[in-house]
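Novice: show me the folded form of this:
(chains A, B, C and D)
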2 protein chains.
Amino acid sequence: MSSPDVQPEPGLALEAHNHADCCGGVLARAEALAVSRGARLTPVRRRTLEILLRSHRAVGAYEVLEKLSESGFGNQPPVAYRALDFLVDQGLAHRIRRINAFAACMHPGHQHTPAFFICRNCGSVAEAPAEAVRNAMMSAASGIGFSIERMNVEALGLCPACEGADA
Amino acid sequence: MSSPDVQPEPGLALEAHNHADCCGGVLARAEALAVSRGARLTPVRRRTLEILLRSHRAVGAYEVLEKLSESGFGNQPPVAYRALDFLVDQGLAHRIRRINAFAACMHPGHQHTPAFFICRNCGSVAEAPAEAVRNAMMSAASGIGFSIERMNVEALGLCPACEGADA
DNA sequence: GCGTTTATGTTATGTCATAACATGTCACGC
DNA sequence: GCGTGACATGTTATGACATAACATAAACGC
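Specialist: Residues are numbered from 1 along each chain as shown, chains lettered A, B, ... in the order given. Predicted structure coming up:
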């Protein structure tokens, strides 16, 4: 299921990059990672990751579902949600709650607590490493005896491009 | 509309506190703040804040709505959402996206970027000041030229109490 | 091969959120 | 006092997001 039926969509790239690279490369690494953990990157899951990667933006579950069903998979919500949940569990994708969407992780296998910067004007989403944020959270948590399992750190505002135009 | 009809609900307090204090005090400060900004803390809005304060936990919009309608206000979703949105805009309440809920801000008027620690076992939510987190985000943002307007920082895990029982 | 586990498909429903428009209220200038 | 414009609230209707529960099928260990 590596049919090249999804074009890189307009705008909203997470950052400058070589498109061919990022999809294939990340996909391959994802596969390796999953295997090394005993997790199965089945066809639906693989295709789901592919959809996220090729979109190069945050995508809603129902949009993913539509593409999955076009690819011959089921067309009911749980199909998409299950695959997406799997990817998130494996650290291969992130869920961005402010906009109810999912995005492929661009650095699978690395530290995991990216911060997301969401442009309220154009809708683009930038993923930035957030080591410092993570550390700050960890220390705040240990202060109150809380043990963190998952985090989400999201900011809404204006991206550089829209800042100029809109501000 | 200061009828004492909502008891402090069981469990889930954000932190140890004197109940009578925190509600009245915060409410008074909120009112002052709103006025000083030219914003109107109307009856529905005031009652909504009161509901959040007395619950002492994160509350869903439809639960707020139910209580509003018991108090004689409208019983359709926009009634609750509008009041809640107002409070969030004014920094008098926070929206916790991970659990689709709202909580009164315990320190209105101060810096605004609390972090939330949500226990996946008992559902309690702790609000912690997050200066360090905020600073880290600001510097990450300036690194990519992004200007932040809003942030949400949420962690899921186990609170101290549940850590012992469940771990 | 056979039973257990894991994944997928499907039905149905639950939960959260907002668009759009009608009605009401209040402050202000005249 | 009374029109008028701004803001707030009420109401109808619908849209968008998410999951429970069960049926079927594939994979995996033995």
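Novice: quick one: distance of the longest strand belonging to chain A to the chain centre.
Specialist: Counting by DSSP state E, the longest strand found in chain A is strand A:147-158. Computed by Cα atoms, centre = their mean, to the nearest Å, the chain-centroid distance of strand A:147-158 equals 13 Å.
Novice: and the strands in chain A?
Specialist: Secondary structure of chain A (DSSP E): strands at A:93-96, A:101-104, A:115-119, A:125-128, A:147-158.
Novice: got the angle for the last one vs strand A:115-119?
Specialist: The reference is to strand A:147-158. Here strand A:147-158 runs at an angle of 20 degrees relative to strand A:115-119 (axes from the mean of the first three to the mean of the last three Cα atoms, to 10 degrees).
Novice: tell me the strands beside strand A:147-158, with direction?
Specialist: Strand pairing for strand A:147-158, using DSSP bridges, gives strand A:115-119 (parallel), strand B:147-158 (antiparallel).
Novice: can you pull the poorly scored residue ranges out of chain A?
Specialist: Filtered on pLDDT under 70, chain A yields the residue ranges A:1-21, A:111, A:166-167.
Novice: around chain B, pick out the residues from it.
Specialist: A:97-98, A:115, A:117, A:119-120, A:126, A:128-130, A:132-133, A:135-137, A:139-141, A:143-160, A:163, A:167 (Cβ under 8 Å from any Cβ of the partner chain). Placement of C-beta: from N, CA and C, glycine included.
Novice: for ChimeraX, write the select line for the buried members of those.
Specialist: Restricted to buried positions by 16 or more other Cβ atoms under 10 Å in any protein chain shown, the ChimeraX selection for the residues of chain A next to chain B reads:
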select /A:97,98,115,117,119,126,128,129,130,132,133,136,137,140,141,146,147,148,150,151,152,153,154,155,156,157,158,159
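Novice: same list, the residues of chain A next to chain B, but only the ones touching DNA strand D.
Specialist: A:Arg97 (Cβ under 7 Å from any atom of the strand).
Novice: can you point me to the longest helix in chain A?
Specialist: helix A:19-36 (DSSP state H).
Novice: what does it contact?
Specialist: With contacts defined as Cβ atoms under 8 Å, 6 or more residues apart in numbering or on different chains, helix A:19-36 is touched by A:8, A:40-41, A:46, A:49-50, A:53-54, A:56, A:90-92, A:104-106, A:108-109.
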